[in-house]
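Q: Sequence first, predicted model second:
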Amino acid sequence: MDDLYRELIIDRYKNPQFRGELEPADISYHDDNPLCGDKIRIDLRVDENDIVTEAVFSGHGCSISLASADLVVESILGKTLDEVKEMDKEMVLELLGIELGPVRLKCALLSLKVLKAGVYGLGEGESSDDLVA
Amino acid sequence: MDDLYRELIIDRYKNPQFRGELEPADISYHDDNPLCGDKIRIDLRVDENDIVTEAVFSGHGCSISLASADLVVESILGKTLDEVKEMDKEMVLELLGIELGPVRLKCALLSLKVLKAGVYGLGEGESSDDLVA
Amino acid sequence: MKAVTTHSNVLDPEKIRKDFPIFSKEIHPGVPLIYLDSAATSQKPLAVIEAMDAYYRHSNANIHRGIHALAEESTANYEASRQRIADFIGAAKSHEIIFTRNTTESINLVAHSWGRANLKSGDLIILTEMEHHSNLVPWQILTSEIDLRLEFIPVNAEGLLDLDEYKKLLTQNPRLVSFTFMSNVVGTINPAKEIIHLAHEAGALTLVDAAQAVPHFAVNVVDLDADFFAFSSHKMCGPTGLGVLFGKEALLDAMPPFLGGGDMIKRVKLRSFTTNDLPYKFEAGTPAIAEVIGLGAAVEYLDDIGMDTIAAHTKELTAYALERLEEVPGVWLFGPSIEHKAGVAAFTFEGVHPHDVSQILDRDGLAVRAGHHCAMPLHEKFDLPATTRASFYLYNEKQDVDRLIEGLYKVKEIFG
Amino acid sequence: MKAVTTHSNVLDPEKIRKDFPIFSKEIHPGVPLIYLDSAATSQKPLAVIEAMDAYYRHSNANIHRGIHALAEESTANYEASRQRIADFIGAAKSHEIIFTRNTTESINLVAHSWGRANLKSGDLIILTEMEHHSNLVPWQILTSEIDLRLEFIPVNAEGLLDLDEYKKLLTQNPRLVSFTFMSNVVGTINPAKEIIHLAHEAGALTLVDAAQAVPHFAVNVVDLDADFFAFSSHKMCGPTGLGVLFGKEALLDAMPPFLGGGDMIKRVKLRSFTTNDLPYKFEAGTPAIAEVIGLGAAVEYLDDIGMDTIAAHTKELTAYALERLEEVPGVWLFGPSIEHKAGVAAFTFEGVHPHDVSQILDRDGLAVRAGHHCAMPLHEKFDLPATTRASFYLYNEKQDVDRLIEGLYKVKEIFG
Ligand SMILES: Cc1ncc(COP(=O)(O)O)c(C=O)c1O
Ligand SMILES: Cc1ncc(COP(=O)(O)O)c(C=O)c1O
């Protein structure tokens, strides 16, 4: 746990690379973590082959949830939506490069949950932890 | 606890001195202990001064409840009803001459409970452990 | 689903007893404990006592919401126990395991939550005449609110359920069949799989009171196809203060919450809340954390010995006990023969009240139960105010039975 | 009623910590535990751990119906604990003490049993804006069945209840006022005696959520004239898995049972039952026997030190913490000043999420909570998604506060 606040996370938290909103977006979804009040929204644009061309996040939260949102959004550029649907917990943890306890895991996975709920076309409030199990 | 089955109790259980029923009786009451199914009925006759002149018990149960019924009934002959109302747990334990755990205490006190409920003129099912607390 | 590991086929009670500190106790000066009351509650092995001890000494913290190291450790241990318990009864998903206080609360949870949401006036619930009070009173309470119909599978003279009568009841459109897997009085092991199959064919759900079953033999809720399945930690070498309710995910998901408070919610406003996911939805407030960890250790202990080994041991011992009890003049055995039962021998003794039997046996360190064993209707049916019950578990041995028989002869002497 | 024995007026936390095995733990290699999360759950003294250990090693048996020596010993210990707990909160009668799983279940019991029997559509229940979820959700659930009206005593900017608004609400014919004695977030100690007196004048009954109060200062339910009074063992040095509900005898007597099963009955037939006397009427099934014995030991431990001594110690420590926290740039303290509170300091730290605060403090062995602390409405009112909470108890000392402050400077450094 000691490298939890490894430079990458603090850096991405303080200086996010993919913060923003897209209007209009092809896909937009938001959700929060009631436990700590973190809120994440992710907006995407895709081309005619369903390849992600633009991706940004907005919202507020702790360093883990915001840094992971920044990293997750970065990682999907150039991927197809089908590839995004295949993303899982391990990929996020690899991006972050740290081990996490059960509570912080929820922070880390909030952005993936939002992303997948959006890509699967779920309605507001329909996202679920099963998406990132 | 080793003198629990002191001779007196076994003797009174096997050869009760005051077993019977009185028809008519001045006071008659019965109750049971649902925990073990023991049932005791006590019948009394009193004179014009409210002094107990006859007293018997009937029913079935364990050695403690039946021996204590026999001893309790014996002990009230010649007492006034007001004196009977004053009887308590300690008097019964003294008659039995033994120490008892919480479950057997209920056996030992069933007859006193029946007796006092009758003397207080309670209705069927109205007797309560408070009478022998 | 998990295969039961039988490390050896025969159990050595002499060795097992060393795992249970209570057996080094003298119940009276010079008189060792002979514990024949496991159907009321089992004794606890050192592994369980130490697991809880260690929890309090090293990792005590409130779970689920904490980020600090202790809270994470405690949460991880708690959830690992849930998984272990799920595996032990063959549940497919650990969130089908809900922690309650005891079997009684587990059954009440189903009655309150599933019952109120799904039953209406006139609906039929099938129970049996051999139920423990905890599988009678919750339905009686519910009946006083919703005007349900309660019908009972009769118990025959042998102490077995009358399945022909059960089939007749099933034609009356029952909503739920709630029955004990193993009787705590007569020891009967009911054909749970068949009862459940027939209930499902008739369109009813099933609740299994497995309070006596889970301690005694290997169970598998998926194989049984049980809808609800309730048991108690304290009867299976685990601590007091903890029960389990297994429910099929789809059923639990559709049920309204029972108790309201912390942990069972996702969000709370002043006048509304949204419920949390399973299993937390049904675990309101700070749970029995140390106890859950203790039950995890108990399940591991039982698993290491092997439930089949335990079942075989207890059966052999019970068979021996029935045989020897039959020799004693005046003893009348209550319940079926050994093929149909496990672990329990209930009897009456001519001319001696069960209280007196129990108390005289106690002088020799023999702990047996006397009374109606929370099954008054069954006793009433057989016109018995009370019985004496000796029950057996993995730590008992043949000598215990021999001492019981000797004790009964002493009773006879005193009261003869 | 029992006088609080104050053996000495000042407590030596150094000495106290020796009673708590967990403080010999290194939370990370070389890093000792600094436990500032007692509002979530307290640590346990050796006396409590050993009392339960001894129960399982020497006297474990099911209670109440057994005649054998173990069952009698166990029953006697269980009931002696009940008496000790009754004395500890000044209850006149030990059968006014009902054992539950936790504060949450205690409140649910009142909502289910008293609520359903006594409330009707449109009836008013008064709560407060600072309630823990466990004193909100049970009433919300009840409201979804009976169409009750819930109104809330507002919390002012200082974190205190607005008693003028309370008095206005009281003119609307409330049936129950249910409120926390001490807030688990802002630490506010509410004027319970006055709130209860005013409620009674308005014809309402009262329920006191005393989960935080009982651990922190001497309480007396008779002096308060509380109708119901709920608290948890695990927050007052006792084990998990046990809560207490005190209720006035006449109220409890008139209430219908809540959970049905063994022990809460006098007689059971197949289709009907009669309820047992208090307190058993509300204790269905095998209770948390070891835990009750553990709480008895906890109460004895607290009593030996003296609740007034503990209260004074915690207050001094909290005052010091508030003072030092105020020094830290960017820290914003949530809640009232020290005169109105005990044991808790909740705060935000500019630019740093409470999760990050908590996690960085953890590296130095500092255990604090981050989140909404099961009081989302209070956080929402102040527009705070989450706070960091440090809470203090008898085993904490000034150095713990100093370490907290140092830790916060480190947080600042990392995130600054
Ligand atoms: C004020 C208050 N009420 C109720 C509770 C709930 O207690 P438990 O989780 O033990 O039911 C707590 C504990 O978090 C509390 O602090
Ligand atoms: C068959 C059966 N069902 C239910 C129970 C109730 O268990 P508990 O008291 O742990 O709730 C028991 C235990 O006495 C039992 O033997």
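A: Cool, got the structure. Numbering: from 1, shown residues only, chains lettered A, B, ... in the order given. Ligands and ions are numbered 1, 2, ... in the order given.
Q: Can you give me every residue that contacts the spatially most central residue of chain A?
A: Here the mean C-alpha position of chain A is nearest to the C-alpha of A:Ser111 (C-alpha atoms, centre = their mean), at a distance of 2.5 Å. When contacts are counted by C-beta atoms under 8 Å, 6 or more residues apart in numbering or on different chains, A:Ser111 is found next to A:40, A:42, A:57, A:65, A:68-69, A:72-73, A:92. All C-beta atoms are positioned from the backbone trio N, CA, C, and that covers glycine.
Q: most centrally placed residue in chain C?
A: Note: chain C centre (C-alpha atoms, centre = their mean) maps to C:Ala211, 1.2 Å.
Q: So for the spatially closest residue to that residue that is not a sequence neighbour, what's the pLDDT?
A: The shortest distance from C:Ala211 to any non-neighbouring residue, by C-beta to C-beta, 6 or more residues apart in numbering or on different chains, is to C:Thr103 (4.2 Å). pLDDT, C:Thr103: 98.
Q: go on, A:Asp82?
A: With respect to pLDDT, A:Asp82 scores 97.
Q: Ok, A:Leu131 next?
A: You'll see A:Leu131 listed with a pLDDT of 89.
Q: Please report phi then psi for it.
A: phi -60, psi -30 (degrees, to the nearest 10).
Q: who in chain C is up against chain A?
A: Neighbours of chain A within chain C, by C-beta under 8 Å from any C-beta of the partner chain: C:64-67, C:69, C:71-72, C:75-76, C:79, C:266-267, C:277.
Q: Would you point out the helix or strand in chain A whose mean pLDDT is lowest?
A: Least confident element among the helices and strands of chain A, by mean pLDDT, DSSP states H and E: helix A:7-14 (a mean of 91).
Q: residues in contact with the residue of the stretch 151-300 of chain C found nearest ligand 1?
A: Residue of the stretch 151-300 of chain C nearest ligand 1, by C-beta to the nearest ligand atom: C:Gly285 (2.9 Å). Contacts for C:Gly285 (C-beta under 8 Å, 6+ apart) come out as C:259, C:261-263, D:101-105, D:134, D:232, D:243.
Q: at 10 Å instead, please
A: The contact partners of C:Gly285, taken as C-beta atoms under 10 Å, 6 or more residues apart in numbering or on different chains, are C:259-264, D:100-108, D:132-134, D:211, D:232, D:234, D:243, D:374.
Q: Inside strands: which ones of those residues?
A: Residues of the contacts of C:Gly285 located in strands (DSSP state E): D:100, D:232, D:243.
Q: Any chance of those residues in CSV with distance to D:Gly115 and neighbour count as columns?
A: Formatted as CSV, the ones in strands among the contacts of C:Gly285 follow (distance: C-beta to C-beta, whole Å; neighbours: other C-beta atoms under 10 Å in any protein chain shown):
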residue, distance to D:Gly115, neighbour count
D:Thr100, 15, 28
D:Ser232, 21, 31
D:Gly243, 18, 30
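Q: Just the element for the closest residue to A:Gly20 other than its chain neighbours, please.
A: The shortest distance from A:Gly20 to any non-neighbouring residue, by C-beta to C-beta, 6+ apart, is to A:Val56 (3.8 Å). Element membership of A:Val56 [criterion: DSSP states H and E] is strand A:52-60.
Q: How far does that strand sit from its chain's centre?
A: 8 Å (C-alpha atoms, centre = their mean, to the nearest Å).
Q: Next: stretch C:23-36.
A: Mean-position distance between stretch C:23-36 and its chain equals 25 Å (C-alpha atoms, centre = their mean).
Q: Flag every buried residue along that stretch.
A: For stretch C:23-36, the neighbour count (16 or more other C-beta atoms under 10 Å in any protein chain shown) marks C:25, C:27, C:33-36 as buried.
Q: closest to chain A among those?
A: Set against chain A, the nearest of the buried residues of stretch C:23-36 by C-beta to the nearest C-beta is C:Tyr35 (39.9 Å).
Q: could you pull out the strands for chain A?
A: A:27-33, A:38-46, A:52-60.
Q: typed the wrong thing, it's the stretch 101-250 of chain C
A: For the stretch 101-250 of chain C, the strands defined by DSSP state E, counting those that start in this stretch cover C:124-128, C:149-153, C:174-180, C:205-209, C:228-232, C:243-247.
Q: now those strands as a markdown table including distance to chain D and mean pLDDT?
A: Below are the strands of the stretch 101-250 of chain C laid out as a markdown table (distance: least, C-beta to the nearest C-beta, whole Å; pLDDT from 0 to 100):
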| stretch | distance to chain D | mean pLDDT |
| --- | --- | --- |
| strand C:124-128 | 8 | 98 |
| strand C:149-153 | 6 | 98 |
| strand C:174-180 | 13 | 98 |
| strand C:205-209 | 10 | 98 |
| strand C:228-232 | 6 | 98 |
| strand C:243-247 | 8 | 98 |
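Q: Throw the ones you listed into a markdown table and include distance to chain B, thanks.
A: Shown next, in a markdown table, are these (distance: least, C-beta to the nearest C-beta, whole Å):
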| stretch | distance to chain B |
| --- | --- |
| strand C:124-128 | 20 |
| strand C:149-153 | 20 |
| strand C:174-180 | 21 |
| strand C:205-209 | 22 |
| strand C:228-232 | 21 |
| strand C:243-247 | 24 |
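Q: Export these as a markdown table, with columns for distance to B:Gly101.
A: Shown next, in a markdown table, are the strands of the stretch 101-250 of chain C (distance: least, C-beta to C-beta, whole Å):
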| stretch | distance to B:Gly101 |
| --- | --- |
| strand C:124-128 | 33 |
| strand C:149-153 | 35 |
| strand C:174-180 | 29 |
| strand C:205-209 | 29 |
| strand C:228-232 | 24 |
| strand C:243-247 | 27 |
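Q: Please identify which of these is closest to D:Val368.
A: Closest to D:Val368 of the strands of the stretch 101-250 of chain C, according to C-beta to C-beta: strand C:243-247, at 32.8 Å.
Q: The residue in chain A positioned nearest to ligand 2 - how many residues pack around it?
A: As assessed by C-beta to the nearest ligand atom, ligand 2 sits closest to A:Pro102 within chain A, at 29.9 Å. As a burial measure, A:Pro102 scores 16 neighbours (other C-beta atoms under 10 Å in any protein chain shown).
Q: And the pLDDT at A:Met1?
A: Model confidence at A:Met1 (pLDDT) stands at 41.
Q: Just the pLDDT for the residue of chain A found nearest chain D.
A: Closest to chain D within chain A is A:Gly37: 2.2 Å, counting by C-beta to the nearest C-beta. pLDDT, A:Gly37: 84.
Q: right, and it touches D:Thr348 too?
A: No - the pair A:Gly37 / D:Thr348 is not scored as a contact, 11.4 Å apart, by C-beta atoms under 10 Å.
Q: Residues that sit against both of these two, list them.
A: Common neighbours of A:Gly37 and D:Thr348 (C-beta under 10 Å, 6+ apart) are D:354, D:384-386.
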